[in-house]
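Asker: A predicted structure for the sequence below; I have some questions about it.
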Amino acid sequence: MDSKQFKQVYEYLGNDNCFYVLVKKSKQKVTTDNQMKLSKEIEKLKQNKDFLRINVNIAKVGYCSLQNVTNRSKSNSYMLRKSIVDTLSNKIGIPIGTLLSQKDLLLFPIQKIAAQEERLKVNLANRAYNLKVKEVEFANKKTPKKLVEWAVDNKKKLEDNATKYEKYLYRALFRALKKRVKVQTPYLINGHLYYADISIPSLKLIIEVDGGYHNTEEQKTKDKQRDEDFKSIGYNTLRYTNEQVANRECRKNIVQKILSYKSK
């Protein structure tokens, strides 16, 4: 459940101080005849505004967790306000009290929703705080051990994330420089985490292979800041377009230029 769905539930219930739940499907309990009758009558209602299709988790007596409101017919439950339950009770000829005592219907105070919404807010606030703390701790580490460990463990995943043009240039450089060429290597600089398309630490060189979106003004600003950050740790950045790298002759010239950095 998110804030929009909680709002939707409150709007549906209006001034009711409680809500009813008819569980359509449950692994713990076989659907009763009364529940089947109620389900059929609910589906006969002309407007979906008369009920909410909802997924709930009812793990134990007195506990009800709303999972999500859905428009799909595959929801495991219906949420019903009192006026609708009165109508349904009259249609099937069974008093509400009987339906509740036999647990064909479940009744919960609206405070259950309020409590769940409050827990969500607290959890979101804690999550945001913990994320901020981790970002600060991460930014303050000059050699983030966990990042390095993650990069080693996920080397194949990072390489797979490279575009085909980055792989073209990486393979061409790898034939000349072997293991000194790295692909999709993480760098933490001034609190920013960057993944270099291709890096050659021995030459203090970063090679970026840019797609078309790098031509936007917003991305140009980000790229300029990125290049300056790499410059601050002694790395120069060379940028090439996908089209340049795709051309075999142009790619050979790029490799020769990069190899010339050996003599600088």
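Answerer: That came in fine, so what should we check first?
Asker: switch to C-alpha atoms for all contacts and neighbour counts from now on
Answerer: OK.
Asker: Look up how far residue 219 lies from residue 231.
Answerer: 18 Å (CA to CA, to the nearest Å).
Asker: who's more crowded, these two?
Answerer: residue 231 (15 against 12; other CA atoms under 10 Å).
Asker: Spit out the contact partners of the more buried one.
Answerer: Residue 231 is in contact with residue 237, counting by CA atoms under 8 Å, 6 or more residues apart in numbering.
Asker: And it, what's its pLDDT?
Answerer: Looking at residue 231, its pLDDT is 92.
Asker: Let me know the next secondary structure element after the helix or strand that it is a member of.
Answerer: Using DSSP states H and E, the secondary-structure element containing residue 231 is helix 217-232. Downstream of helix 217-232, the next assigned helix or strand under DSSP H and E is strand 236-241.
Asker: Residues touching the following helix or strand past that following strand, excluding its own?
Answerer: For strand 236-241, the succeeding helix or strand toward the C-terminus, using DSSP H and E, is helix 242-246. Helix 242-246 has contacts (CA under 8 Å, 6+ apart) with 165-166, 168-169, 209-211, 250-251.
Asker: Repeat that for stretch 171-181.
Answerer: Contacts of stretch 171-181 (CA under 8 Å, 6+ apart): 170, 198-202, 252, 255.
Asker: Please tell me the pLDDT value assigned to the nearest residue to residue 49 once chain neighbours are set aside.
Answerer: Closest residue to residue 49 in three dimensions, ignoring its sequence neighbours and counting by CA to CA, 6 or more residues apart in numbering: residue 12, at 7.5 Å. Note on residue 12: pLDDT of 86.
Asker: Check residue 133 too.
Answerer: pLDDT, residue 133: 57.
Asker: Over to residue 160?
Answerer: pLDDT, residue 160: 68.
Asker: how many neighbours does residue 56 have?
Answerer: That count, for residue 56 with other CA under 10 Å as the rule, works out to 20.
Asker: Spit out the contact partners of residue 199.
Answerer: Counted by CA under 8 Å, 6+ apart, residue 199 has contacts 181-185, 205-207.
Asker: Show me just the buried residues among those residues.
Answerer: Listed as buried from these are 181-185, 205-207; burial here means 16 or more other CA atoms under 10 Å.
Asker: wait, which of the residues you listed is closest to residue 5?
Answerer: Proximity of those to residue 5 (CA to CA) peaks at residue 184, which lies at 39.4 Å.
Asker: Need the buried ones among the contacts of residue 199 in JSON lines (columns: distance to residue 86 and pLDDT).
Answerer: Shown next, in JSON lines, are the buried ones among the contacts of residue 199 (distance: CA to CA, whole Å; pLDDT from 0 to 100):
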{"residue": "181", "distance to residue 86": "73", "pLDDT": "83"}
{"residue": "182", "distance to residue 86": "69", "pLDDT": "82"}
{"residue": "183", "distance to residue 86": "66", "pLDDT": "80"}
{"residue": "184", "distance to residue 86": "63", "pLDDT": "79"}
{"residue": "185", "distance to residue 86": "64", "pLDDT": "80"}
{"residue": "205", "distance to residue 86": "74", "pLDDT": "91"}
{"residue": "206", "distance to residue 86": "71", "pLDDT": "93"}
{"residue": "207", "distance to residue 86": "70", "pLDDT": "92"}
